[in-house]
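Visitor: got a predicted model here, sequence first, then my questions.
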There are 2 protein chains.
Amino acid sequence: MDRNEFRHELAQQLRVDSVRSSAAAGSGHPTSSMSAAELMAVLLDGHLRLDFDRPDDPARDHLVFSKGHASPLYYACLKAAGAIGDDELLTFRELGSRLEGHPTPVLPWVDVATGSLGQGLPVAAGLALTAKRLDGTASRVWALCGDSELAEGSIWEAFDHAAFWKLDNLVAIVDVNRLGQTGETMHGWDLDVYAERARSFGWQTIEIDGHDVAAIEAAYEQAEASPDRPTAILAKTRKGAGVKAVEDLPDKHGKPLDDPEAAIAELGGERDLHVSPAVPGPAQAHAHRFDAPGGDRPSYTLGDEAPTRKAYGEALKWLGDTRPDVVALDGEVSNSTHSDLFREAHPDRYFEMYIAEQQMVAAAVAMQRRGWKPFASTFAAFLTRAYDFIRMAAVSRADIRLCGSHAGVSIGEDGPSQMGLEDLAAFRAVHSSTVLYPSDANQAVRLVELMADLDGISYLRTHRGALPVIYPPDDDFEVGGSRTVRDGDDVTLVGAGVTLHEALKAADRLADDGFEARVIDLYSVEPADAETLARAASETGAIVTVEDHWPEGGLGDAVLGALAEAGESCRVRKLAVGAMPGSGSPDELIHEAGIDADAIAAAARELASARATA
Amino acid sequence: MDRNEFRHELAQQLRVDSVRSSAAAGSGHPTSSMSAAELMAVLLDGHLRLDFDRPDDPARDHLVFSKGHASPLYYACLKAAGAIGDDELLTFRELGSRLEGHPTPVLPWVDVATGSLGQGLPVAAGLALTAKRLDGTASRVWALCGDSELAEGSIWEAFDHAAFWKLDNLVAIVDVNRLGQTGETMHGWDLDVYAERARSFGWQTIEIDGHDVAAIEAAYEQAEASPDRPTAILAKTRKGAGVKAVEDLPDKHGKPLDDPEAAIAELGGERDLHVSPAVPGPAQAHAHRFDAPGGDRPSYTLGDEAPTRKAYGEALKWLGDTRPDVVALDGEVSNSTHSDLFREAHPDRYFEMYIAEQQMVAAAVAMQRRGWKPFASTFAAFLTRAYDFIRMAAVSRADIRLCGSHAGVSIGEDGPSQMGLEDLAAFRAVHSSTVLYPSDANQAVRLVELMADLDGISYLRTHRGALPVIYPPDDDFEVGGSRTVRDGDDVTLVGAGVTLHEALKAADRLADDGFEARVIDLYSVEPADAETLARAASETGAIVTVEDHWPEGGLGDAVLGALAEAGESCRVRKLAVGAMPGSGSPDELIHEAGIDADAIAAAARELASARATA
């Protein structure tokens, strides 16, 4: 068998195995797999440099299935490469199988979970960036994209960034099979449209017949030789190629073939070809080359005032001073989030992601995959732009650290578009999340330090304005902890960030009336300190929660949830931002929102009198 | 004064007023305003067809400040057009002023709140689409964009869709002042890069000096004459143009000028020029031309099974049958969400938005602005892609209706990337939101009917699988309501959707042990029925909540919040999806997640025995 014949046969095997696994599962996307069979056969045979026995090799190539629904094809590739056996192939989509409906990193060769379209290519760009700028390896990153997903804006963020960073080690293989789930895509088989766009974004482009193994070979060789830019291969293919009952037909998306036996026969029957992908070269010498000469931990003087966002920046810079694995990204607001302090100190480990929050999170996911500790920051409000990427980062079991600054109405004059008022709820609801919300600058430093070694998605919420420093620099704080800042048995006030300070002011006023409020700093919102909260409920009988956030899903709900978990209950009054704010000064806005000391004291008195009456 | 001189003077006035309002406020973005002064002066003088006394005129042009931080320029334009006075201009960013830090629709001429970059152009494309395909007016839509925001993927969704829909009534004016917040953009003053991209997406492009009023005039005339495609005007400008202390300098972003008096003098002093924008033409005859001949309300037979997603589609189609103002959009999954039923019946009012969820929500926001009742659907999981747009839709006081299908682990084999498990939390935390979660098909029909007339952001969560029909077709349900499906005084079980049915099964088993569970269908998650829940807490003393969702911010937290609001408390045990699911059958996955009848019955027994011991 000559090489072209072998590759054709291998492609047929990938099709057959896609049909078989989907038939066994009773669901799946065989037709979306079949269109790209030759593209993957040629890639496996000589181009993908990946020793499947050594998935942690930093020098290996990466293969990202951006069209994650073509998972049957991916798993068929794993079988052909000997990474999994035929028995496992047929566990596709079964409970407990590693071969999930869409690929996830429960398989060691999967870098990132896909299945939400438009995300694989941005992460692939991040992997290529990591190889080039952090790892210093010759890894190449191959992303198999669908044509439908080119409608996602996030794809164009990846196109923009990949060219900007000159990622000649990135190849997007676009399987233009023309058919989406419900009909034809906007551009059908017009490869020129896609190619012109990719070129306008600075990419090399190659248009081919995606079923012609010789043309694919030439395209990959040309991509591998690109001296300075990423390559997009636009491959015209037919969905369901090779089986007349489904080939290039509508309404054949996302279901097993009606007659898999006939299809397998038409494809020439089962095969047991094996392909040995190429072996990666050695990692280059400058991998993990950053210096971390050490530096002074930032500290703030008790009684001074400092913004927690500034403390974030100082702490991040210090982490960079002391740890070579910490890297930072920002969405073009580093002088607001204060990641600029890291940028200035460690420019080689700082990545300006411009105003492209989705690409920013995707790059962070890629960097952690290669062992780095990424911290990514923008305004809390603008992290909502990347919410699907953050959700999927959790599915990817990624360890990423996000910081949202300028949270809440307390930013003042800029108005509601800039106020993060749903961030606590959004992040609490992300699987594996830790949500931290420092109330002073020294605490912020400690929480940033802790984040560096946290698993999962960790989120730090910072404020724009200065807050009083109430903890000494060497004070300790932990994830899941809280701090009882003031003792009292008549009522409990729970806040964090700006509202903790309002609660302290309220407690002063209440004390003037002989009413002793306990004040708890719930700096760890998720997980919340159920034990301390339950004790407060039991000892004071009433809790007022106060947060610079909408009423739903934030600190107040975290307190209620913790009490329920602890099996404790008491009267709880939640204060939060109820009406849509406008502009105004920070003090005016927290007053108008009913989350200032006045409102807290009033709520505490009301709860206490209700209890006295009861 | 000849016309060019007048326009130059008007531009200087816009600069002066931008400097003045920002100085009065002590914050704001005068330099980002100054770069686009000529662009707006020429637009106001002869091109923008907008009678400011008649903001509701359907035939008027729209001006969208996609670079919302240039609000001082926008407000200066309003003053020049006589829409606001100088006194109001100087209330910029004050508490209670309509002139917020970024424009919002508290001003009648503002169509959409901006300030989260990359959103104005997608909404502008939606407005142009609405004018062309729904209103049948000759409205033109002008969007002033920043160059920094071209890094947002959502901008390219707008470029893609605007060309696809042949929106020759859309003009993007890109103010390429080269400087972002922290430094130069990726592409600086390279207008060709942007122009090439816009052309590759199908737009007419014009490159000009953005301070040359004659060149601007020519560009607008060319844009107005475009026969078949949208126009992008790439205007090279200087940030802070006209004042040497800030012009084209770094670190001058987002702050008032140090010496406003000197700047005003350099700009030639205050002026009081007035400009009368052109008057719109008449609305064309085919506005609101759709038929709604009536049709039968869908209904399902008690005891049958039907998926709530199917009921959504049937109800939406029926709404289209009976109401000419209802329109539908979908993210290329209409045969999954079942908006395909509407598409087939009402193709002229259906908009295929392909896989571009951000553009889909932006178009819905635009359509409601023009009086339509948009329903937009995709998988619940994929609405997270548009979360920032949904957040901003609330700031825009938009009335939009969203449906997320395939919610929860109960989708089965497709795996976690496709499971909406954070949607309830995310939507509850959106201001003005209503979150509905039907438990059977007849109820779903009623809730969809109610959504058509709801204010704010309403969200309907549907499931993939069939659920038993438990309510008769004529049963009534209301927002904020609940339904006690089964009576009992020993414990209360609260669920919705698939978990309501599991709760009913659990109640049957508990009844076998002589243990009577009350079962509440919390189909209105936000607002939740505090009264019924409080009564259940008081009468049964223990509540088990169960949801096919992560534990945070969803139905369980809604119950806890409602109880707290009602001043009632009891033992509450929240059952929810704790661990990251994989693939499996729906039954396997709800069992593994601990939200099936087994888990509910066990939790109820445990709560009861804890109470007995206590």
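Guide: Now that the structure is in, tell me what you want to look at.
Visitor: how about the residues of the stretch 151-300 of chain A near chain B?
Guide: Counting by Cβ under 8 Å from any Cβ of the partner chain, the stretch 151-300 of chain A comes close to chain B at A:151-157, A:160, A:164, A:180-183, A:185-186, A:193, A:196-197, A:199-201. For every residue, glycine as well, the C-beta is placed using N, CA and C.
Visitor: residues from the stretch 1-150 of chain A in reach of chain B?
Guide: Residues of the stretch 1-150 of chain A lying near chain B (Cβ under 8 Å from any Cβ): A:25-28, A:68, A:93-97, A:99-102, A:104, A:106, A:113-118, A:148-149.
Visitor: rerun at 10 Å
Guide: For the stretch 1-150 of chain A, the residues in contact with chain B (Cβ under 10 Å from any Cβ of the partner chain) are A:25-29, A:68-69, A:71, A:91-104, A:106, A:113-119, A:122, A:146, A:148-150.
Visitor: okay, now the residue in the stretch 401-550 of chain A that chain B sits nearest to: neighbour count?
Guide: Residue nearest to chain B within the stretch 401-550 of chain A: A:S417 (2.9 Å; Cβ to the nearest Cβ). Applying other Cβ atoms under 10 Å in any protein chain shown, we find 26 residues neighbouring A:S417.
Visitor: returning to what we had before: just the buried members of the residues of the stretch 1-150 of chain A next to chain B?
Guide: Buried subset of these (neighbour count, 16 or more other Cβ atoms under 10 Å in any protein chain shown): A:25, A:27-29, A:68-69, A:71, A:91-95, A:97-104, A:113-119, A:122, A:146, A:148-150.
Visitor: which of the residues you listed fall within strands?
Guide: A:G146 (DSSP state E).
Visitor: burial of A:E261, as a residue count?
Guide: The burial count for A:E261: 11, using other Cβ under 10 Å.
Visitor: what about it, which helix or strand?
Guide: For A:E261, the host element (DSSP states H and E) is helix A:260-266.
Visitor: I'd like the next helix or strand past the lengthiest helix in chain A.
Guide: Counting residues, the longest helix in chain A under DSSP state H turns out to be helix A:3-25. Once the chain leaves helix A:3-25, the next helix or strand it forms, by DSSP H and E, is helix A:30-34.
Visitor: just checking, what packs against that next one?
Guide: Packing partners of helix A:30-34 (3 or more Cβ pairs under 10 Å, 6 or more residues apart in numbering or on different chains; DSSP states H and E): helix A:3-25, helix A:71-80, helix A:260-266.
Visitor: what about 8 Å?
Guide: For helix A:30-34, the elements it packs on are helix A:3-25, helix A:71-80, judged by 3 or more Cβ pairs under 8 Å, 6 or more residues apart in numbering or on different chains; DSSP states H and E.
Visitor: just name the most buried of the ones you listed.
Guide: When the helices and strands packed on helix A:30-34 are scored by mean count of other Cβ atoms under 10 Å in any protein chain shown, the highest mean neighbour count falls to helix A:71-80 (a mean of 28).
Visitor: list of residues touching that helix?
Guide: By Cβ atoms under 8 Å, 6 or more residues apart in numbering or on different chains, the list of residues contacting helix A:71-80 from outside reads A:10, A:13-15, A:17-19, A:21-22, A:28-30, A:32-34, A:36-37, A:40, A:44, A:52, A:63, A:65, A:84-86, A:88-89, A:92, A:99-103, A:107, A:109, A:273-275.
Visitor: make sure A:A328 is indeed in a helix.
Guide: No - counting by DSSP: H, G, I helix; E, B strand; the rest coil, A:A328 is located in no helix; its state is strand.
Visitor: pairing partners for it in the sheet, please.
Guide: A:A328 has these beta-bridge partners by DSSP bridges: A:Y350, A:F375.
Visitor: extract the CA atoms of the longest helix of chain A and return them as CSV.
Guide: What follows is helix A:3-25, C-alpha atoms only, in CSV (Å, rounded to 0.1, in the frame of the first residue of the first chain):
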residue,chain,number,x,y,z
ARG,A,3,1.2,6.2,1.5
ASN,A,4,-1.8,7.8,-0.2
GLU,A,5,-3.6,4.5,-0.3
PHE,A,6,-2.8,3.9,3.4
ARG,A,7,-4.1,7.3,4.3
HIS,A,8,-7.3,6.7,2.3
GLU,A,9,-7.7,3.4,4.1
LEU,A,10,-7.0,5.0,7.5
ALA,A,11,-9.6,7.7,6.7
GLN,A,12,-12.1,5.0,5.9
GLN,A,13,-11.3,3.3,9.2
LEU,A,14,-11.9,6.6,11.1
ARG,A,15,-15.3,6.8,9.4
VAL,A,16,-16.2,3.2,10.1
ASP,A,17,-15.2,3.6,13.8
SER,A,18,-17.2,6.9,14.0
VAL,A,19,-20.2,5.1,12.7
ARG,A,20,-19.6,2.1,15.0
SER,A,21,-19.2,4.2,18.2
SER,A,22,-22.2,6.3,17.5
ALA,A,23,-24.3,3.3,16.7
ALA,A,24,-23.2,1.6,19.9
ALA,A,25,-24.1,4.8,21.8
